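Chemist: Test case, fold it:
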Amino acid sequence: MEGSRSETSAAEASEEIIYTSVKFSQTPPLRAKAAREKRAPCLWPAVVPSLAIGFGILSISLAIALIWKMSDSKPSCPERWVAYRGSCYFFSKEKKDWHSSQESCRAQGAHLLVISDTSEMDLFKTIQTGCFWIGLRSSTGSGWIWEDGSIFNGTRIVSNSPVQHCVVLMKEQFQASSCEFSAPWICEKPLR
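Modeler: I've put the predicted structure just below:
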């Protein structure tokens, strides 16, 4: 009997373990199913159209901003300035000496006119009728130098006095003058 008792205890223990194991393995799926039933229904189908509309509006807004920025980025000159081949030119109406004219241009982010090629010279021959200060003056020992530091190697400068160290553009020619002479001036700056 002792042998049968230990067999019975082993069998009971074995059944109990199986029962507990079976009972435990069935409980979690039932709880998971109940938890799923208690959750709110999925909102994703209702959110998708709202997101699509939001992204559409954002895309259109960005496109408009980009077009607006591109239209504003066209190079232009300030009011009362003339645009020509990548530069802006200002023709003053008032008269000042050469140094004051130079300062006036600098105050506007520009410099006195530097004529860099024959087509630019041709433009000023056709436009101006009076005399205007330009960014050309004599430098001791270096000859005539443009305001940008380049050496003048163009046509002759008309001069009739050794005290004439600044240049005006006058009726299609360069005329040396005393830097204290009052004249209108031409400013130049890059087109932006």
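
Chemist: Only the buried residues of the top strand by length along the chain, if you could.
Modeler: Assignment by DSSP state E gives strand 131-139 as the longest strand of the chain. For strand 131-139, a neighbour-count test (16 or more other CB atoms under 10 Å) marks C131, F132, W133, I134, G135, L136, R137, S138 as buried. Every C-beta, even on glycine, is put in place using the N, C-alpha and C of the backbone.

Chemist: Quick check: mean pLDDT of the next helix or strand after it?
Modeler: Sequence order places strand 143-146 as the next helix or strand after strand 131-139, per DSSP states H and E. For strand 143-146, the per-residue pLDDT values average out at 90.

Chemist: Same question for stretch 94-107.
Modeler: Stretch 94-107 carries an average pLDDT of 96.

Chemist: Go through that stretch and flag the buried ones.
Modeler: So stretch 94-107, judged by 16+ other CB under 10 Å, has buried residues K96, D97, W98, S101, Q102, S104, C105.

Chemist: How about the secondary structure of the fifth one?
Modeler: Using DSSP: H, G, I helix; E, B strand; the rest coil, the structure places Q102 in helix.

Chemist: Could you pull up the residues touching the closest residue to it other than its chain neighbours?
Modeler: Closest residue to Q102 apart from its sequence neighbours, by CB to CB, 6 or more residues apart in numbering: L112 at 5.4 Å. When contacts are counted by CB atoms under 8 Å, 6 or more residues apart in numbering, L112 touches 98, 101-102, 105, 133-136, 147, 185-188.

Chemist: Identify the bridge partners of L112.
Modeler: Residues in a beta bridge with L112, per DSSP bridges, are C187.

Chemist: In terms of pLDDT, where does T155 sit?
Modeler: Here the pLDDT value assigned to T155 is 69.
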